[in-house]
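1. return atomic coordinates for the entry below.
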Amino acid sequence: MAVICVDAGTTMIKAVGYDDDGTESVVVRQATIVNRPSPSWAEQDMAGVWDAVVSCVRSAADQLTGDVDFLALTAQGDGSWLVDRHGSPTGPAILWNDGRGASILDGWTKAGVLDQAFRINGSLTSSGMPNVILSWLRQHDPDRLERSAASLTCGGWVFAQLTGEIAIDESDGSAPFLDIRARQYSPELLRLYEMDWVQPLLPELRGDDRRVADLTSDAAAQVGLPAGTPVVMSSYDIASTAIGVGAVSSGQACSILGTTLCTEVVTDDVVLGEDVAGCTVALGLPGKYLRAFPTLAGGEVVQWACRMMALGDP
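-> Numbering: from 1, shown residues only. Okay, the predicted model is just below:
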């Protein structure tokens with residue numbers, strides 16, 4: 001018995017193999033590239049990310065001694081990973097740290113839209129969230145939206161490649177379109193953002209009872225696992241990190257030092273009357289939420305500084 005867990009991060013894909021007693025026995029990493037074709041833009045080649053996942057999982061599977069019982073997946077969140085009705089990319093992924101839609105965000109801020117939205121969603125929109133990105137695309141690349149059938153996150157994209165199913169985990173879908181208390185898409189939020197047109201692009205939400213699907217035969221041949229192996233769509237990275245370090249009860253907290261820097265605390269309650277700040281995420285545990293405060297700049301800033309000072313990789 002063995003398990004492979006994948007973390008499809010922004011700058012690194014990791015696949016970790018665990019033995020039946022929970023011992024970490026295999027770690028495989030592969031760096032990915034964030035493309036910046038214009039100032040403030042942040043994109044990734046979706047096929048390139050998938051290829052890195054395939055390489056890491058196949059290598060991990062080759063090194064494990066037992067049969068792999070299931071494959072679990074977590075990934076970077078937010079952004080917009082657009083696919084067509086066949087599940088193929090309609091262009092590069094636009095990431096959570098993209099800033100091209102700053103003027104749209106400024107307009108919503110001045111109009112009070114973000115304050116109103118927070119009272120429903122519990123998260124303060126940033127320029128790398130899908131409401132901003134999709135609004136920008138509608139203004140600047142409407143043809144791409146016409147070709148697209150779903151706006152996924154990184155985790156949803158990899159899950160679709162593994163299973164053929166188009167869906168999003170509740171944690172990943174928490175911002176910006178959910179009524180966070182109801183854990184359902186909010187028509188009122190779509191009206192606030194003047195985005196009723198986006199409804200067809202919103203993927204199916206999946207909670208704890210529908211996280212698992214079978215590995216397809218095509219994906220199985222690529223990753224080196226048997227077809228039908230269960231694939232678990234775990235909570236996205238900041239929520240999975242909290243669970244992984246044991247922050248699962250109200251009041252427990254942790255900090256993430258990665259491509260982003262993020263401090264977060266577990267709560268039983270959704271408080272929407274407080275100051276408009278941070279994110280509220282459905283944790284992936286029944287009745288639990290995560291109040292998270294990401295900086296949207298972390299390890300990538302260190303890498304940039306090292307390049308500017310000719311210090312090489314940190």
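
2. and the longest helix along the chain, what other elements does it pack with?
-> Taking DSSP state H as the criterion, the chain has its longest helix at helix 46-63. Here helix 46-63 is seen to pack against strand 2-8, strand 12-19, strand 24-31, helix 154-163, helix 217-223 when contacts are counted using 3 or more CB pairs under 8 Å, 6 or more residues apart in numbering; DSSP states H and E. All C-beta spots, glycine's among them, are computed from the backbone N, C-alpha and C.

3. what strands flank the helix or strand following it, and is each parallel or antiparallel?
-> Using DSSP states H and E, the helix or strand that directly follows helix 46-63 along the chain is strand 68-75. Taking DSSP bridges as the criterion, strand 68-75 forms sheet pairs with strand 2-8 (parallel), strand 230-233 (parallel).

4. for the first one, list the C-alpha coordinates in CSV.
-> Presented in CSV, the C-alpha positions along strand 2-8 are these (Å, rounded to 0.1, in the frame of the first residue of the first chain):
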residue,chain,number,x,y,z
ALA,A,2,1.2,3.5,-0.9
VAL,A,3,-0.1,7.0,-1.5
ILE,A,4,1.1,9.7,-3.8
CYS,A,5,0.3,13.4,-3.0
VAL,A,6,0.8,16.1,-5.6
ASP,A,7,1.3,19.8,-4.8
ALA,A,8,1.1,21.8,-8.0
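
5. any residues touching that strand, and which ones?
-> Strand 2-8 has contacts (CB atoms under 8 Å, 6 or more residues apart in numbering) with 13-20, 25, 49, 52-53, 56-57, 60-61, 64-76, 154-155, 158, 225, 234, 237, 240.

6. give the rounded mean pLDDT of that strand.
-> Averaged across strand 2-8, pLDDT comes to 95.

7. would you mark the buried spots in that strand?
-> 2-8 (16 or more other CB atoms under 10 Å).

8. can you pick out the most distant pair from those?
-> The two members of these with the most space between them (CB to CB) are 2 and 8, at 19.8 Å.

9. quick check: phi and psi on the residue lying closest to residue 207 once chain neighbours are set aside?
-> Counting by CB to CB, 6 or more residues apart in numbering, residue 170 is the residue found nearest to residue 207 once chain neighbours are left out, at 5.0 Å. Dihedral angles of residue 170 (phi, psi; degrees, to the nearest 10) stand at phi -60, psi -40.

10. any idea how far residue 111 is from residue 309?
-> 41 Å (CB to CB, to the nearest Å).

11. neighbour count winner among those two?
-> residue 111 (11 against 8; other CB atoms under 10 Å).

12. tell me which residues of the helix or strand hosting residue 307 come out buried.
-> Using DSSP H and E, residue 307 sits in helix 299-308. Buried residues in helix 299-308, defined by neighbour count with 16+ other CB under 10 Å: 299-300, 303.

13. can you check stretch 5-23 too?
-> Going by neighbour count (16+ other CB under 10 Å), the buried part of stretch 5-23 is 5-10, 12-18.

14. just those now: which is nearest residue 42?
-> Distances from residue 42 to the buried residues of stretch 5-23, taken by CB to CB, are shortest for residue 10, at 8.5 Å.

15. touching, that closest one and residue 75? I think so.
-> No: using CB atoms under 8 Å as the test, residue 10 is too far from residue 75 to be in contact (9.1 Å).

16. what is the neighbour count of residue 272?
-> For residue 272, using other CB under 10 Å, the count is 14.

17. repeat for residue 249
-> 11.

18. same check on residue 280?
-> 23.

19. quick one: contacts for the residue nearest to it when sequence neighbours are not counted?
-> Ranked by CB to CB, 6+ apart and with sequence neighbours excluded, the top spatial neighbour of residue 280 is residue 122, at 3.0 Å. By CB under 8 Å, 6+ apart, the contact set of residue 122 is 174-175, 180, 270, 272, 279-280, 289.

20. thinking again about what came up before, give me the contacts around the longest helix of the chain.
-> In contact with helix 46-63 (CB under 8 Å, 6+ apart) are residues 4, 6, 8, 13-17, 25-30, 32-33, 68, 71, 81, 89, 92-93, 154, 157-158, 161, 222-225.

21. buried ones in that helix?
-> Neighbour counts over helix 46-63 (16+ other CB under 10 Å) mark 46, 49-50, 52-61 as buried.

22. same check, this time on stretch 60-74
-> 60-61, 64, 68, 70-74.

23. nearest to residue 149, out of the residues you listed: which one, please.
-> Nearest to residue 149 among the buried residues of stretch 60-74, with distances taken as CB to CB, is residue 73, at 21.1 Å.

24. can you list the low-confidence ranges for this structure?
-> Scanning the chain for pLDDT under 70 picks out 274, 313-314.

25. what kind of secondary structure is the residue most central in space within it in?
-> By CA atoms, centre = their mean, the chain has its centre lying nearest to residue 77, at 2.1 Å. Put simply, residue 77 is coil when judged by DSSP: H, G, I helix; E, B strand; the rest coil.
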